[in-house]
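J.: show me the folded form of this:
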Amino acid sequence: MRIEIARFNEYTNPNSPTLRGFCNVSVLFEDYSLEIRDCRYNEKEEEGRKSGWVTLPSRPYEDKQTGETKHAPIVRLDDETYKTFQRAAVKALRVLTGQEEPPQRERVVYTDEDEIPF
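T.: Numbers count the residues shown, from 1 in each chain. Predicted structure coming up:
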């Protein structure tokens with residue numbers, strides 16, 4: 001599985017100081033892919049260290065007891081999968097926005113003396 005950011009739009013809102021933008025996240029599997037649209041990218045800085053997180057799409061509703069606006073998830077992942085998704089999506093966003101360097105892939109070089117494995 002691989003995560004890519006299909007689209008990212010920066011967005012700021014004074015009522016939501018951690019919101020940095022909205023994105024579409026593509027989850028790429030060996031034979032197919034899944035695009036999750038309208039994820040929110042949030043970021044905050046504490047003690048000089050930035051932390052970011054991606055929230056999956058949700059729909060607002062009014063809590064009947066309190067009258068507060070709350071959000072119900074549209075897509076759900078189990079806890080361990082969500083943690084993996086979070087790490088990969090935040091990393092992909094930071095690379096896309098130039099905050100981090102892309103990961104270096106290991107390059108294998110064969111010489112004439114090496115036995116080629118195919």
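J.: what residues sit buried inside whatever helix or strand Arg59 lives in?
T.: Under the criterion of DSSP states H and E, Arg59 resides in strand 58-62. Buried positions in strand 58-62, judged by neighbour count with 16 or more other Cβ atoms under 10 Å: none. For every residue, glycine as well, the C-beta is placed using N, CA and C.
J.: can you name the next helix or strand after it?
T.: Following strand 58-62 toward the C-terminus (DSSP H and E): strand 69-73.
J.: what's in contact with that following strand?
T.: The set of residues external to strand 69-73 that reach it, using Cβ atoms under 8 Å, 6 or more residues apart in numbering, is 56-63.
J.: let's have these in JSON lines, adding pLDDT and distance to Thr12.
T.: Formatted as JSON lines, the contacts of strand 69-73 follow (pLDDT from 0 to 100; distance: Cβ to Cβ, whole Å):
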{"residue": "Leu56", "pLDDT": "94", "distance to Thr12": "21"}
{"residue": "Pro57", "pLDDT": "95", "distance to Thr12": "20"}
{"residue": "Ser58", "pLDDT": "94", "distance to Thr12": "20"}
{"residue": "Arg59", "pLDDT": "95", "distance to Thr12": "23"}
{"residue": "Pro60", "pLDDT": "93", "distance to Thr12": "20"}
{"residue": "Tyr61", "pLDDT": "96", "distance to Thr12": "25"}
{"residue": "Glu62", "pLDDT": "96", "distance to Thr12": "26"}
{"residue": "Asp63", "pLDDT": "95", "distance to Thr12": "27"}
